[in-house]
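*Asks:* starting from these lines, generate the structure:
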Amino acid sequence: MKIVGVGIGPMQLTREAIRTIESAAVIYGSKRAIELAQDHIHVKANIIKDYSGIPFLPDETVVLSTGDPMLSGLGKYKKAGDIVIPGISSMQIACARLGIVEETVEIVTVHGRDYTTEQNRIIEAIEQGRTLFLLPDPKTFGTVELASLLTRHDIKATMAVCEKLTYPDEQIRITDTRHPPTVSTNLYCIVVWR
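*Replies:* Next comes the predicted model:
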């Protein structure tokens with residue numbers, strides 16, 4: 001099986017990803033991943049309904065993963081012998097847009113997870129002077145909840161919300177933890193630094 005990163009928005013496919021998708025006999029992915037790769041798909045693409053079944057797909061399957069498969073993506077389902085083809089991640093685009101050097105970044109994802117297990121990591125990253133890149137869970141832990149957590153620990157920091165990166169209606173709003181930016185989409189990430 002090949003797990004292929006399709007990037008986070010339009011025009012983000014790498015040449016290796018395009019070549020792999022165009023030659024695929026079987027394709028699976030989320031609706032959004034399939035839409036991002038649609039121009040290069042020449043077979044019927046199957047929408048994944050149960051992600052836990054990915055490890056049991058046939059070896060010739062190409063699985064499309066939004067962003068980079070190894071950053072909170074479908075790369076976690078990789079088995080021995082599978083190939084992961086990287087994609088352009090939201091972290092890469094956010095860092096480029098904000099002028100942040102990637103090796104200073106602490107990556108935390110709470111999307112679809114219990115955010116309480118990551119609270120200490122979030123606090124420690126900011127207190128140690130690292131830049132926090134957060135993939136939020138829009139339902140349980142977004143800008144307001146993050147700002148509240150940091151405020152409870154007396155941490156004042158700059159906060160950026162990066163919405164719909166690489167799309168024509170991309171927006172980046174920079175405020176601070178005392179005035180968390182509002183969010184108008186589920187396609188966003190948060191970057192925090194001092």
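*Asks:* send me stretch 105-115 as CSV with only the CA atoms.
*Replies:* Extracted C-alpha coordinates of stretch 105-115, given in CSV (Å, rounded to 0.1, in the frame of the first residue of the first chain):
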residue,chain,number,x,y,z
VAL,A,105,8.2,24.4,16.6
GLU,A,106,6.5,22.1,19.1
ILE,A,107,3.7,20.2,17.2
VAL,A,108,0.6,19.2,19.2
THR,A,109,-2.6,17.8,17.7
VAL,A,110,-5.8,17.5,19.7
HIS,A,111,-8.0,16.9,16.6
GLY,A,112,-10.3,14.0,17.5
ARG,A,113,-8.4,13.4,20.7
ASP,A,114,-8.7,14.1,24.4
TYR,A,115,-7.0,17.5,24.7
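*Asks:* make sure Met1 is actually in contact with Ala80.
*Replies:* No - taking contacts as Cβ atoms under 8 Å, Met1 lies outside contact range of Ala80: 10.9 Å. From N, CA and C alone the C-beta is placed, and that goes for glycine too.
*Asks:* neighbour count winner among the two?
*Replies:* Met1 (21 against 4; other Cβ atoms under 10 Å).
*Asks:* next, the contact list for the more buried one, please.
*Replies:* By Cβ atoms under 8 Å, 6 or more residues apart in numbering, the contact set of Met1 is 54, 57-63, 79, 82-83.
*Asks:* in this protein, which spans are strands?
*Replies:* With strands called from DSSP state E, the chain shows them at 2-5, 26-29, 45-47, 61-65, 83-85, 105-109, 131-135, 158-163, 171-176, 188-193.
*Asks:* out of those, the one nearest Leu13 is which?
*Replies:* strand 2-5 (8.6 Å; Cβ to Cβ).
*Asks:* quick one: buried residues of the closest one?
*Replies:* 2-5 (16 or more other Cβ atoms under 10 Å).
*Asks:* same list (the residues you listed) but as JSON lines, adding distance to Val101.
*Replies:* Formatted as JSON lines, the buried residues of strand 2-5 follow (distance: Cβ to Cβ, whole Å):
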{"residue": "Lys2", "distance to Val101": "31"}
{"residue": "Ile3", "distance to Val101": "28"}
{"residue": "Val4", "distance to Val101": "27"}
{"residue": "Gly5", "distance to Val101": "22"}
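*Asks:* circling back to that earlier point, can I get the strands of the chain in JSON lines with distance to Arg15?
*Replies:* Converted to JSON lines, these look like this (distance: least, Cβ to Cβ, whole Å):
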{"stretch": "strand 2-5", "distance to Arg15": "12"}
{"stretch": "strand 26-29", "distance to Arg15": "18"}
{"stretch": "strand 45-47", "distance to Arg15": "20"}
{"stretch": "strand 61-65", "distance to Arg15": "15"}
{"stretch": "strand 83-85", "distance to Arg15": "10"}
{"stretch": "strand 105-109", "distance to Arg15": "26"}
{"stretch": "strand 131-135", "distance to Arg15": "26"}
{"stretch": "strand 158-163", "distance to Arg15": "25"}
{"stretch": "strand 171-176", "distance to Arg15": "28"}
{"stretch": "strand 188-193", "distance to Arg15": "25"}
